[in-house]
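[1] With the input below, show me the fold.
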Amino acid sequence: MIEPTPSRLSRIVTQWTLVRDAHAEENERAQSAREILLRRYEGAIKRYLSAALRDRDAADEVFQDFALQFVRGKLKGADPSRGQFRKYLKSVLFHLVADHRKRQARAPRRFGTDFPEPAVVDPEPTEDEAFLQSWRDELLARTWTRLADHEQTTGQPFHSALRLRATAPEIRSQELAERLAAQLGRPMSAANVRQIVHRARLRFAELLLEEIRESLHDPEMEHLIDELVELRLLEYCKPALEEEKGGAS
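    Residues are numbered from 1 along each chain as shown. Just a heads-up that it's a prediction; the model follows:
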């Protein structure tokens, strides 16, 4: 079983500690907590705003509005008893996007004389779907970064091997070994690379679970599984979950 180390547990607790500190009375600690939270979730917020507004300038404008209000302590309401911090952020951003659209709708428009023919277009994702996708993409991106950091620290080529496998899933292990050997500058057998990829997938799953647990007030297995299903990340995390369940049996 993969037991949560003290460092993992402290990171999980710290996320909601930061949330509580960020919405406490005005002081330097609250200001620092807000800035840390903003940096942590900036990527997911920007991804969502870009997808929702489909306009870089508009997305930047709404993000600056959010950031300004957040660091000034004007966006209160995050409460662990009410659910994930993700859902609190989603609610705040939905309101900001809606306000932006209302302002745009009231603004005077200039129309050209040429009108295109009607076209069949794919339906746009709902606001919920867009936010979930942005959150999901950011979690995966952050996990890849942490896997790269792990490789840099330990020398284990997990990031390199898994990236190669992800970009070329159809190639055989021998060819993958040759590509990895050329990238790393050392010999690599097919058997060796299969083992590395297996261990890399497990490590990726562990890191992704850590990222998700940190955003939950209650990271127990039942709530964790619900979050994985909602984010469509269960398949990614199965190797680590199976390790945990195997160790518990």
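
[2] so how far is stretch 226-246 from its chain's centroid?
    The chain centroid and the centroid of stretch 226-246 are separated by 15 Å under Cα atoms, centre = their mean, to the nearest Å.

[3] again with stretch 163-177
    Here the centre of mass of C-alpha atoms in stretch 163-177, compared against the chain's by Cα atoms, centre = their mean, lies 25 Å away.

[4] Need the distance between the two termini of that stretch.
    Using Cα to Cα, to the nearest Å, one end of stretch 163-177 lies 13 Å from the other.

[5] Over to stretch 214-232?
    For stretch 214-232, the first and last residues are 17 Å from each other (Cα to Cα).

[6] Now do that stretch, average pLDDT.
    When pLDDT is averaged along stretch 214-232, the result is 81.

[7] Could you do stretch 38-53 as well?
    Stretch 38-53 shows a mean pLDDT of 87 in the predicted model.

[8] Could you shift the numbering so residue one becomes 399, and keep it that way?
    In the new count, where the first residue is 399, that last one comes out as stretch 436-451.

[9] What are the buried residues along that stretch?
    The neighbour-count check on stretch 436-451 (16 or more other Cβ atoms under 10 Å) flags 436, 438-439, 441-451 as buried. C-betas here are computed from N, CA, C, even on glycine.

[10] ok, residues contacting that stretch?
    Taking contacts as Cβ atoms under 8 Å, 6 or more residues apart in numbering, the residues outside stretch 436-451 that touch it are 454, 456-457, 460-461, 464-465, 468-469, 487, 491, 495, 498, 523, 525, 528-529, 531-533, 535-537, 539-540.

[11] related to what we said a few turns ago, export the buried residues of stretch 436-451 to a markdown table and append columns for distance to residue 639 and secondary structure.
    Listed next are the buried residues of stretch 436-451 as a markdown table, based on distance: Cβ to Cβ, whole Å; DSSP: H, G, I helix; E, B strand; the rest coil:
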| residue | distance to residue 639 | secondary structure |
| --- | --- | --- |
| 436 | 31 | helix |
| 438 | 24 | helix |
| 439 | 25 | helix |
| 441 | 25 | helix |
| 442 | 23 | helix |
| 443 | 28 | helix |
| 444 | 30 | helix |
| 445 | 26 | helix |
| 446 | 27 | helix |
| 447 | 32 | helix |
| 448 | 31 | helix |
| 449 | 29 | helix |
| 450 | 32 | helix |
| 451 | 36 | helix |
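
[12] Among those residues, which pair sits farthest apart?
    Taking every pair in these and measuring Cβ to Cβ, the maximum separation is 22.0 Å, between 438 and 451.

[13] tell me, what residue is most central in this structure?
    When the chain is reduced to its mean C-alpha position, the closest residue under Cα atoms, centre = their mean turns out to be residue 537, at 2.0 Å.

[14] hmm, back to that, which of the contacts of stretch 436-451 are buried?
    Of all the contacts of stretch 436-451 considered here, the ones buried according to neighbour count by 16+ other Cβ under 10 Å are 456-457, 460-461, 464-465, 468-469, 487, 491, 495, 498, 525, 528-529, 531-533, 536-537, 540.

[15] Just the residues you listed: which are in helices?
    Among the buried ones among the contacts of stretch 436-451, the ones falling in helices (DSSP state H) are 456-457, 460-461, 464-465, 468-469, 487, 491, 495, 498, 525, 528-529, 531-533, 536-537, 540.

[16] Would you mind listing where the chain has pLDDT under the threshold?
    399-425, 471-482, 505-523, 615-617, 643-647 (pLDDT under 70).

[17] Strands of that one, residue ranges please.
    Counting by DSSP state E, the chain has no strands at all.

[18] can you give me the helices in it?
    In the chain, the segments counted as helices under DSSP H are 404-420, 426-451, 454-469, 483-504, 525-552, 556-565, 571-582, 588-612, 619-629, 632-646.
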